[in-house]
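Please work out how this folds:
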Amino acid sequence: MQQLQNARSGDIVLSVADRIIENRAYLSEIDGKIGDGDHGVNMAKGFSMAAERIKGNGMSLAGALDTLGTVLMTEIGGSMGPLYGVMFIQFAEIIEKASMIDAAMFSKMLHSGLDGIQAIGSAKVGDKTLLDTLVPAITAFDTANGDGKSFAESLNALVAAAEAGRDSTRDLVAKVGRASRLGERSLGVLDAGATSCALILKSLALGIEDRLQPSA
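So this is what the prediction gives:
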């Protein structure tokens, strides 16, 4: 069985922050087509602020996720700050007392984050939001793990489903948020939240996969 050490794995969150910061302009460009156009700017600001607090502190994965979530929840404007903030805080709460994280705990972490998002938002799958990335990604991970795939193989399934979910939003009509005012005119454009969620999940998965070790 493969597992990840919680302690001193906070650098995984730094790699996630790097991907968001690198894609700041791209995310804002997507958002500008049907939204406020500030998604990339706000996300990069929040992830950059969190990264500065995580760097050099030897944080656990739980500690880094909690730091990121708190920054996004309390210091970043826009609609996405609270959604991602609660997701990362929920992630952290599930794993904070664990020394090692296996596939079952990672699944529990993902589900808790999803529950947090759904508790404060009204969106569902098909509404052209980050849930169109997150929900199928979690389902794919659970399916692969349930079929006896390794933690790493299940992470690969998660990434593939996240990217397919992101791409699916191009053919969806926005049902919530500012983009919903556009109706059919929101067709043909990726959702910015779904796109950033795919970036986050892929970077998180790659960071974990690089640090997986067999159980003793």
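
what about T143, how many residues close to it?
Residues lying near T143 (other CB atoms under 10 Å) number 14. Where you see a C-beta, it was placed from the backbone N, CA and C, and this is true even at glycine.

need the contact list for it.
T143 is in contact with A157, counting by CB atoms under 8 Å, 6 or more residues apart in numbering.

So which bits of stretch 54-70 are buried?
Under the neighbour-count criterion of 16 or more other CB atoms under 10 Å, stretch 54-70 has 54, 59-70 buried.

Between those residues, which sits nearest I120?
I120 has its nearest neighbour among those in G69, at 12.7 Å by CB to CB.

Just the strands from the protein, written as ranges.
For the chain, the strands defined by DSSP state E occupy 2-5, 100-102, 213-214.

With mean neighbour count, distance to S48 and mean pLDDT as added columns, please give the ones you listed in TSV.
Shown next, in TSV, are these (neighbours: other CB atoms under 10 Å; distance: least, CB to CB, whole Å; pLDDT from 0 to 100):
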stretch	mean neighbour count	distance to S48	mean pLDDT
strand 2-5	20	25	95
strand 100-102	19	26	96
strand 213-214	8	30	89
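
The ones you listed into JSON lines, with extra columns for distance to D132?
Output for the strands of the chain, formatted as JSON lines (distance: least, CB to CB, whole Å):
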{"stretch": "strand 2-5", "distance to D132": "27"}
{"stretch": "strand 100-102", "distance to D132": "26"}
{"stretch": "strand 213-214", "distance to D132": "33"}
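
Look up how far N156 lies from the residue nearest to E96 when sequence neighbours are not counted.
Distances taken as CB to CB, 6 or more residues apart in numbering put A62 closest to E96, at 4.2 Å, once the chain neighbours are dropped. For A62, the distance to N156 equals 24 Å [CB to CB, to the nearest Å].

Let's see the pLDDT reported for S196.
On pLDDT, S196 comes in at 97.

tell me the contacts of it?
Contacts of S196 (CB under 8 Å, 6+ apart): I20, N23, L27, H39, G40, M43, M80, L130.

ok, how many other residues are close to the closest residue to the third one other than its chain neighbours?
Right, L27. Leaving aside its chain neighbours, L27 sits nearest to G40 (3.2 Å; criterion: CB to CB, 6+ apart). Residues near G40, counting by other CB under 10 Å, number 23.

hang on, G40 packs against R24?
Yes: counting by CB atoms under 8 Å, R24 is a contact partner of G40 at 4.1 Å.

I'd say the residue nearest to E96 and Q5 touch.
No: using CB under 8 Å, A62 is not in contact with Q5, being 11.4 Å away.

For the residue nearest to L27, give its distance to G32.
9 Å.

same check, this time on M100
43 Å.

which residues touch the closest residue to S28 other than its chain neighbours?
Leaving aside its chain neighbours, S28 sits nearest to G40 (3.4 Å; criterion: CB to CB, 6+ apart). Counting by CB under 8 Å, 6+ apart, G40 touches N23, R24, A25, Y26, L27, S28, E29, I30, D31, A192, S196.

Between the residues you listed, identify the one with the most neighbours.
A192 (30 neighbours).

That one and R24 touch, don't they?
No: taking contacts as CB under 8 Å, A192 lies outside contact range of R24: 11.4 Å.

what comes up buried for stretch 110-130?
Those would be 110, 112-114, 116-118, 121, 123, 125, 127-130, for stretch 110-130 by 16+ other CB under 10 Å.
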